[in-house]
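>>> Coordinates for the following, if possible.
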Amino acid sequence: MKSPSLTLDRRQLMLGAATASLVAVMPVSLSAQEAASRGGVLRYATLGLDTSDPHRHTGSIAVQQLYVEALTSIGPDGRVEPFLAEGYEVSDDGLTYTFALRDGVTFHNGDPVTAEDVVANVERVRTNVKGGWLASAMKLVDGVNAPDDRTVVIAMKEPYAPLANLLSELWIVSPKSDGWNETITTPIGTGPFVFGEWKPQISLYAPAYKGYWRGDMPYLDAVEANLREDLDKSGAMRVGDLHIASVPRDEARQLAKSGDIHVSQLKDSTWYFVSFNNRKPRPPFDDPRVREAIMYAVDKQAFMNFLAGDDGVVTNQLVMPGHVYFDQGLHDADKHAKPDLEKAKAMLAEAGVKPEEITIEFLSWQENYPQVVVQMVRQLGFKVNHVALDDLGAQNRLGQYDWDMNAMASGPRADIFLRFVRLMSNGPNPVLWGGVQDPELDAIVEKAVAETDEAKRKALYLKAWDRVMDNYYTVVLGHAANTIAIREEVQGYEPGFTWSPNWATGGIAQTWLKQD
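Reported below is the predicted structural model:
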């Protein structure tokens, strides 16, 4: 079976069976590398850092990837790129993944990275880390071994197509890292910068690693990540206290007018959706007809215009147009592409529902966009008790399943399975999607995951999504990419597919600051 194809300046490596194809990647140099200036501290603020243990994060992947790397990474087009592995192969039956490690990669303590180190990391995640993005993958790993210092072989109990993508978030740290047997307190990684001084919820100062494996990178002396939740990022960008920051779209438009800041976007999108309580639904919201009727009151286009203006994309799928798993036919058949209040009211009447007698318990984060949905639903006559909470409060309340509807969002992911897994009965952190419990849906997704043929896998994922839509577990409103503001003195940086600031063919390792 062929692993993802990459067109790069390096010979293909052949390891093992002749029927398998191995891909390789070399770091891409700056086109104007000769002009790159060295030095300076880049001030950076996107996502936070919730733990010093790279294997135990709950979504903080934007900062920790300054100092840790994985066997693979995700390129700007969403394709897998070998990273600490210079290439890999997948057996025809999809059960064996063989990775060839790069020469010359060292941990920040100077130790060379060996295959045994990689094996130790995989085993640590398999045995010590419960839940999270990799939980499903690790349950299917039959074994991992190192035939030699530069080869890692992962054997699967059954075919698992997302593995190469998901390994981009299994970061390799030295087993000598403090806290290895419990919770890592000082991770020793391989990235362009070192885990330096961490002040939780305030900052991380990450100095450059002078022994980094990618040629003469990094160019910067250090990166200082601002982790304050109360930070006025737009103001800090204007006065030059930050060089790169994630900012709301309306603020990004204003920043772009300044002349010394330009705005870019992540290559993958954030998707916005309405979910119903699927774990403990109370009447009449346990009836898919009632859920369908409610969704006819929601004007997707108006919602996305409010949220993202011209940047918003209305669709009914987990991914945007252009993604390998996007289906144009399904998109064109979206029966909720336009609202129909009269149809909504007629369907409620047919179901015997009197909206004026019902109060919808509606949950959201403390954002503006859920109010748009709330006002649309109120047009049907429902009373709506809208409870807007901070992240922790929302997670806790959603997990009690004492609500009816929500309006939420979820960000970029390395593989589409990381979106589907939240809809599975035993999926990680399922509360935003109402805690779906559907064995038939589980079985379809599991079959897709095990399918080695991409076209057949896509068909299965579409079948799974059809079931989600038919039952109105969750309804996609649309997509918009996160906006990143970048000051003009920042050179060589462009946001990647996910929140990672560093990947095999780009990112912050090759970034430099233009000197005055």
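>>> Every contact and neighbour count from this point should use C-alpha atoms.
Noted.
>>> And the helices in the stretch 301-450 of the chain?
Applying DSSP state H, counting those that start in this stretch to the stretch 301-450 of the chain gives helices spanning 328-332, 341-350, 369-378, 391-398, 417-420, 439-450.
>>> Rebuild those as JSON lines, extending it with distance to residue 84.
Output for the helices of the stretch 301-450 of the chain, formatted as JSON lines (distance: least, C-alpha to C-alpha, whole Å):
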{"stretch": "helix 328-332", "distance to residue 84": "36"}
{"stretch": "helix 341-350", "distance to residue 84": "53"}
{"stretch": "helix 369-378", "distance to residue 84": "40"}
{"stretch": "helix 391-398", "distance to residue 84": "34"}
{"stretch": "helix 417-420", "distance to residue 84": "22"}
{"stretch": "helix 439-450", "distance to residue 84": "25"}
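>>> Quick one, which of those gets closest to residue 471.
helix 439-450 (10.6 Å; C-alpha to C-alpha).
>>> how about the helices of the stretch 301-450 of the chain in JSON lines, adding mean pLDDT?
Conversion of those to JSON lines gives the following (pLDDT from 0 to 100):
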{"stretch": "helix 328-332", "mean pLDDT": "97"}
{"stretch": "helix 341-350", "mean pLDDT": "98"}
{"stretch": "helix 369-378", "mean pLDDT": "98"}
{"stretch": "helix 391-398", "mean pLDDT": "94"}
{"stretch": "helix 417-420", "mean pLDDT": "92"}
{"stretch": "helix 439-450", "mean pLDDT": "95"}
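>>> For residue 505, find the nearest of those.
Of all those, helix 417-420 comes closest under C-alpha to C-alpha, at 22.9 Å.
>>> circling back: quick check: which of the helices of the stretch 301-450 of the chain is nearest to residue 356?
The nearest among those, by C-alpha to C-alpha, is helix 369-378 at 9.5 Å.
>>> per-residue confidence at residue 2?
At residue 2, the pLDDT value in this model is 41.
>>> repeat for residue 48
For residue 48, pLDDT reads 88.
>>> what helix or strand is residue 204 on?
strand 203-207 (DSSP states H and E).
>>> mind listing what whatever helix or strand comes next after that strand pairs with, with the direction of each?
Sequence-wise, the next helix or strand downstream of strand 203-207 (DSSP H and E) is strand 222-226. Sheet pairing for strand 222-226, assigned by DSSP bridges, gives strand 41-45 (parallel), strand 203-207 (antiparallel).
>>> Switch those over to TSV; also include mean pLDDT.
Below are the strands paired with strand 222-226 laid out as TSV (pLDDT from 0 to 100):
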stretch	mean pLDDT
strand 41-45	97
strand 203-207	97
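>>> Which among the ones you listed is found nearest to residue 334?
strand 41-45 (37.2 Å).
>>> could you give the mean pLDDT of stretch 86-94?
93.
>>> Just the buried residues of that stretch, please?
Buried residues in stretch 86-94, counted by 16 or more other C-alpha atoms under 10 Å: 86-92, 94.
>>> Below-threshold pLDDT in the stretch 51-200 of the chain: ranges please.
Within the stretch 51-200 of the chain, the stretches with pLDDT under 70 are 58-59, 131-133.
>>> How are the strands of it distributed by residue range?
72-74, 80-82, 85-90, 96-101, 141-148, 151-156, 197-199 (DSSP state E, counting those that start in this stretch).
>>> Which of these sits closest to residue 425?
Closest approach to residue 425 among these is made by strand 141-148 (20.2 Å; C-alpha to C-alpha).
>>> rewinding a little: how far does the strand holding residue 204 sit from its chain's centre?
Centre-to-centre, strand 203-207 and its host chain are 23 Å apart (C-alpha atoms, centre = their mean, to the nearest Å).
>>> Name the residues that touch it?
66-67, 193-198, 221-228 (C-alpha atoms under 8 Å, 6 or more residues apart in numbering).
>>> try it again with 6 Å
193-198, 222-227 (C-alpha atoms under 6 Å, 6 or more residues apart in numbering).
>>> now stretch 317-336
Residues outside stretch 317-336 that contact it (C-alpha under 6 Å, 6+ apart): 296, 315, 458.
>>> can you pick the most crowded of those residues?
residue 315 (26 neighbours; other C-alpha atoms under 10 Å).
>>> Quick check: nearest residue in space to it, chain neighbours excluded?
For residue 315, ignoring the flanking residues on the chain, the nearest one in space by C-alpha to C-alpha, 6 or more residues apart in numbering is residue 478 at 5.0 Å.
>>> Now do the SS call for the closest residue to residue 284 other than its chain neighbours.
Leaving aside its chain neighbours, residue 284 sits nearest to residue 290 (6.7 Å; criterion: C-alpha to C-alpha, 6+ apart). Assigned by DSSP: H, G, I helix; E, B strand; the rest coil, the conformation of residue 290 is helix.
>>> With the one 5 residues further on instead?
Assigned with three-state DSSP, residue 295 falls in the helix class.
>>> and if you look at the one 3 residues further on?
Applying three-state DSSP to residue 298 yields a three-state assignment of coil.
>>> Spell out for me which residue occupies the centre of the protein.
residue 413 (2.6 Å; C-alpha atoms, centre = their mean).
>>> Can you pull out the low-pLDDT segments for the stretch 351-500 of the chain?
Those would be none, if you go by pLDDT under 70 across the stretch 351-500 of the chain.
>>> now the strands: where do they sit in it?
In the stretch 351-500 of the chain, strands defined by DSSP E, counting those that start in this stretch lie at 359-365, 383-389, 405-410, 474-480, 483-487, 490-491, listed in chain order.
>>> what packs against the helix or strand just after the last one?
Toward the C-terminus, strand 490-491 is succeeded by strand 502-503 as the next helix or strand (DSSP H and E). For strand 502-503, the contact count by 3 or more C-alpha pairs under 6 Å, 6 or more residues apart in numbering; DSSP states H and E identifies no helix or strand as a packing neighbour.
>>> Direction included, what does strand 502-503 pair against?
Here, using DSSP bridges, strand 502-503 pairs with strand 506-507 (antiparallel).
>>> Show the average pLDDT along the partner strand.
On average, strand 506-507 scores 92.
>>> Stretch 222-233 too?
95.
>>> what's next to it, contact-wise?
Counting by C-alpha under 6 Å, 6+ apart, 41-45, 48, 201-208 sit against stretch 222-233.
>>> Please check the residues you listed and keep the buried ones.
Buried among the contacts of stretch 222-233 (16+ other C-alpha under 10 Å): 41-45, 48, 203-208.
>>> quick revisit: want to try TSV for the contacts of stretch 317-336, with distance to residue 302 as columns?
Output for those, formatted as TSV (distance: C-alpha to C-alpha, whole Å):
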residue	distance to residue 302
296	13
315	13
458	30
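>>> which residues sit in contact with residue 398?
residue 431 are the contacts of residue 398 under C-alpha under 6 Å, 6+ apart.
>>> What are the buried residues along stretch 383-398?
Quick answer for stretch 383-398 (16+ other C-alpha under 10 Å): 383-384, 386, 388-389, 394-395, 397-398.
>>> What is the nearest of the buried residues of stretch 86-94 to residue 484?
Once C-alpha to C-alpha is applied, the member of the buried residues of stretch 86-94 that ends up nearest residue 484 is residue 86, at 29.8 Å.
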